[in-house]
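# Everything below, folded, please.
(2 chains)
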Amino acid sequence: MAPPACASGDVEACFQRSLADGTRAAPVAAIEALLGVIERSGAQTMHGLQDELCEGRKALVEFCEQRPACLGGRTELGVSSGCELFLRHVTRTFLEFGDFSECRDEILRRGRAFAAHATNARDDIAGHASSFLRDGSRVLVHGRSRVVQATLKAAAKSGVSLEAVVVNGADDCGACVAQELREEGITTRIIADAAVAREMEVIDVVLVGAEAVAENGGVVNKVGTLTVACCARAMRRPLYVAAESYKFARAFPLGQRDLPNADVDYTPPDFIELLFTDLGVLTPAAVSYCRSGCTSGVRFVSYLQICPW
Amino acid sequence: MAPAAATDEEKAKKAAEKARRKAEFEAKRAKEGNPPKKKQLSKAERRELQEKQRADKEAKKNPKPKADKPPPPPVERPTTILGHLTKATSSTPPADGVPASIVELGQKYAAGEFDGSNDRCRSLLDAVRTSIKDYAPPPDAAAARDLDVKLKSWASYLEKCREPTASTLAALKRLRLVASTLPPDISPSEAQAAVETCCDRFREERVELAVREIGRRGAQKIRDGDVVVAYGYADAVEALFSEAVGRNFEVVVVDSAPAFAGRRLLNALYAKRVRTTYVRLTAAAPEIERATLVVLGADAVFSNGSILARSGAFAVAALAQRRHVPVLVTCEAYKCHDRVRLDAADANELFEFPSSDDTPPLTHLTYDVTPASYVSAVATEHGLLPPSAVAALIRELAEKETA
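So this is what the prediction gives:
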């Protein structure tokens, strides 16, 4: 799907328009909004353009902190890490190109390519995860990650028969998720969040998304993820995280103390078996290699193409 | 040899002699009566005789048991389990061809000065900087080549005075790299300038800047209401608390013999009016249990993520782990050492307590190794890393060095 025209209007309006159809991830919409800023910008120097982009990012993050409806209950973490990634990319492009207008065109080109790639990220992730979802397995799902839903739908389409067990909390979002999965023909059951431990005996795989992936491979996700992770660990069930690589944030929480708000919790890396990302299947330790690879331009990524059989 | 021919006379004499002896013998026998015939023994008696003879034979075979020797006196042996380790303070080796400031530094090292890793490195760089001023290559040698050889000899002299730390090894490695990549036709004064610049840059970038940057990044991890436990002293830990001054937090300084390095941190915090408690390691458990964060300094971080720090750091980390208190280890990137260490026994420094005739000799291991699993994050000037990522950082830095 082509990105909506962002030539006019301020950055928040642009952002909301991108999210209107409900398919785009918030970080991608934020990057498209920043591309709109570049298109509208009258700056003649790189420094000026960078200042405008920083302003745009700040505006978007502040907007998201107010929890607008378009975010669907998510926090500003994904938007913040997506914007930061884009800005780092812009700075690197500045270093490559001497001429300002050439540079600007290149940034726009790369940014649009990135947005297009990002929409395919979910399909890539679904492909990686499919080998880990065996026929007849029972999958516990927490949160309303669209990546997780796309993964389960792809598996169902490819003929794997799954049963989804969806955790429903006080905000009733589990009911929406269950509804969407049923529409795809996946057998779905809803359980209360208090019943997760009781249910874990019959679960084969736990699958969650992430709002942000920390530098050490831990994830920040909807509150309740750590509870599910603790139960999974106690009952020795694997916990898999499905997350796009633009959610890799420059954050290293030392515990729940370092989180910005109470709507999310932090699951440390030793609770997580594997992360399914568009870069491949990664162990939590490989995430920090990914990060250093991204910043220095050298790829240290230790891909782990695990065969689960 | 028998005579060739015996004369008839001699033969006759011999025969007569023989006959006479025979007659004598027979007469004797007749007088005594024939000796009694051997008694016919019964089977049992024969058996008994046989056993007796056998026993006598056995007794003859076995040597007589010797008299018991007194037990050997107990030999005074030193504990061999740490026998491979060197003592921190030892006599200084002879110095030939080594400049005076290096010799002086070596004496200070041997006497126990410049104990901390950063101080050790700073003092080394100062001494090298001073020594290089008087540097003059021999007339037949090129400056660059000779300089590398000189640096190597100074390094090995200092190693004889005291076991090198990761910090001094890194500094000398950098100096030698710079010296060995100087153009071969460089003049001595240019070579001196290059070494001086290297010393200054290394100190400013890898030590001082790193300490400030770690302090800045680490301070971001201190939240309002935190109870932070610190062990001993480290420059970066002091910098961390200095950055966080003004926020609402409390520090517990844990300290131990023989160095009592924590007192230095305590004084620094007191001067900044930070709320501080001071406890000995033996009484630290309840304090660590109520802590919300533990901050440790390090003398080195290894490729497998394990930490070399002063003895007692492992104990603090282990107590913290019991209660899932996050452990943050501050370590400047230049101390990241490309080795794998599993425990503290294979290489360490022994500290000997001063002893007298009345007290038994007491030794103490200066360093201990904390495994990676006890560490939540390593704070370097490049950012916070999980211990598993230290190997990648070492590789990245090595690539930058040679680039």
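
# hey, C-alpha coordinates of stretch B:144-153 in PDB?
What follows is stretch B:144-153, C-alpha atoms only, in PDB (Å, rounded to 0.1, in the frame of the first residue of the first chain):
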ATOM      1  CA  ALA B 144      61.700   3.600  15.300                       C
ATOM      2  CA  ARG B 145      63.100   0.100  15.700                       C
ATOM      3  CA  ASP B 146      65.100   1.000  18.700                       C
ATOM      4  CA  LEU B 147      62.200   2.700  20.400                       C
ATOM      5  CA  ASP B 148      60.100  -0.400  20.300                       C
ATOM      6  CA  VAL B 149      62.900  -2.500  21.800                       C
ATOM      7  CA  LYS B 150      63.400   0.100  24.600                       C
ATOM      8  CA  LEU B 151      59.700   0.100  25.400                       C
ATOM      9  CA  LYS B 152      59.700  -3.600  25.500                       C
ATOM     10  CA  SER B 153      62.600  -3.600  27.900                       C
END
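
# so how far is it from its chain's centroid?
28 Å (CA atoms, centre = their mean, to the nearest Å).

# Show the average pLDDT along it.
For stretch B:144-153, the mean per-residue pLDDT is 88.

# In it, which residues are buried?
Buried residues in stretch B:144-153, counted by 16 or more other CB atoms under 10 Å in any protein chain shown: B:144, B:146-148, B:150-151. From N, CA and C alone the C-beta is placed, and that goes for glycine too.

# Return the subset of the residues you listed lying in strands.
Per DSSP state E, strands hold no members of the buried residues of stretch B:144-153.

# In TSV, list the residues you listed along with distance to chain A.
Below are those laid out as TSV (distance: CB to the nearest CB, whole Å):
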residue	distance to chain A
B:Ala144	31
B:Asp146	36
B:Leu147	32
B:Asp148	29
B:Lys150	35
B:Leu151	30
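
# Switch those residues over to CSV; also include distance to B:Glu24.
Shown next, in CSV, are the buried residues of stretch B:144-153 (distance: CB to CB, whole Å):
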residue, distance to B:Glu24
B:Ala144, 115
B:Asp146, 110
B:Leu147, 113
B:Asp148, 109
B:Lys150, 109
B:Leu151, 109
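
# Sort out for me which of these are in helices.
B:144, B:146-148, B:150-151 (DSSP state H).

# Between those residues, which sits nearest B:Glu399?
Closest to B:Glu399 out of these is B:Asp148 (22.0 Å), distances taken as CB to CB.

# Report the residue ranges of every domain in the chain.
Using chain A here. Listed domain ranges for chain A are A:8-118, A:121-294 (source: automatic domain parsing).

# Switch to chain B, please.
Using automatic domain parsing, chain B is parsed into the domains B:86-209, B:220-402.

# what does the model give A:Phe300 for pLDDT?
25.

# what's the answer for B:Lys64, then?
Reading off the model, B:Lys64 has pLDDT 62.

# Over to A:Ala69?
84.

# got the contact list for it?
When contacts are counted by CB atoms under 8 Å, 6 or more residues apart in numbering or on different chains, A:Ala69 touches no other residue.

# do the same with B:Lys272
Residues near B:Lys272 by CB under 8 Å, 6+ apart: B:241-242, B:245.

# Read off the pLDDT value for it.
For B:Lys272, the predicted pLDDT is 96.

# same question, the one 3 residues further on
On pLDDT, B:Arg275 comes in at 96.

# Next, it: phi, psi?
Dihedral pair for B:Arg275: phi -70, psi 110, per degrees, to the nearest 10.

# if we can go back for a sec, of the contacts of B:Lys272, select the buried ones using a ChimeraX command.
To isolate the buried subset of those in ChimeraX, counting by 16+ other CB under 10 Å, use the following:
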select /B:241,242
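
# which of the contacts of B:Lys272 lies closest to chain A?
Closest approach to chain A among the contacts of B:Lys272 (CB to the nearest CB): B:Phe241, at 16.3 Å.

# The closest one contacts B:Val274, correct?
Yes. Look at B:Phe241 against B:Val274 with CB atoms under 8 Å: they come within range, at 6.1 Å.

# quick one, helices of chain A?
Going by DSSP H, chain A shows helices at A:11-19, A:26-40, A:46-65, A:77-96, A:100-130, A:146-157, A:173-183, A:196-199, A:225-234, A:284-296.

# who are the neighbours of the longest one, in terms of helices and strands?
Same thing as helix A:100-130. helix A:26-40, helix A:46-65, helix A:77-96, helix A:146-157, strand A:239-242, strand A:274-277 (3 or more CB pairs under 8 Å, 6 or more residues apart in numbering or on different chains; DSSP states H and E).

# so how far is the helix or strand where B:Arg21 lies off the chain centroid?
Using DSSP states H and E, B:Arg21 sits in helix B:8-32. Distance of helix B:8-32 from its chain centroid, counting by CA atoms, centre = their mean, is 94 Å.

# and after the lowest-mean-pLDDT helix or strand in chain B, which helix or strand comes next?
In chain B, no helix or strand scores lower on mean pLDDT, DSSP states H and E than strand B:86-87, which sits at a mean of 69. Later in the chain than strand B:86-87, the nearest helix or strand by DSSP H and E is helix B:100-110.

# Just the buried residues of that following helix, please?
Buried residues in helix B:100-110, counting neighbours by 16+ other CB under 10 Å, are found at B:101-103, B:105-106, B:108-110.

# pLDDT weak spots in the stretch 151-300 of chain A?
For the stretch 151-300 of chain A, the stretches with pLDDT under 70 are A:291-300.

# can you pull the alpha-carbon coordinates of stretch A:256-267 into PDB?
Only the C-alpha atoms of stretch A:256-267 are listed here, as PDB (Å, rounded to 0.1, in the frame of the first residue of the first chain):
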ATOM      1  CA  GLN A 256      11.200  -2.600  36.000                       C
ATOM      2  CA  ARG A 257      12.600   0.600  37.700                       C
ATOM      3  CA  ASP A 258      13.800   1.900  34.400                       C
ATOM      4  CA  LEU A 259      10.500   1.800  32.500                       C
ATOM      5  CA  PRO A 260       8.700   5.000  31.600                       C
ATOM      6  CA  ASN A 261       5.200   4.000  32.700                       C
ATOM      7  CA  ALA A 262       3.100   1.200  34.300                       C
ATOM      8  CA  ASP A 263       1.400   0.000  31.100                       C
ATOM      9  CA  VAL A 264       4.500  -2.000  30.100                       C
ATOM     10  CA  ASP A 265       6.800  -4.400  31.800                       C
ATOM     11  CA  TYR A 266      10.400  -5.500  31.000                       C
ATOM     12  CA  THR A 267      11.100  -9.200  30.400                       C
END
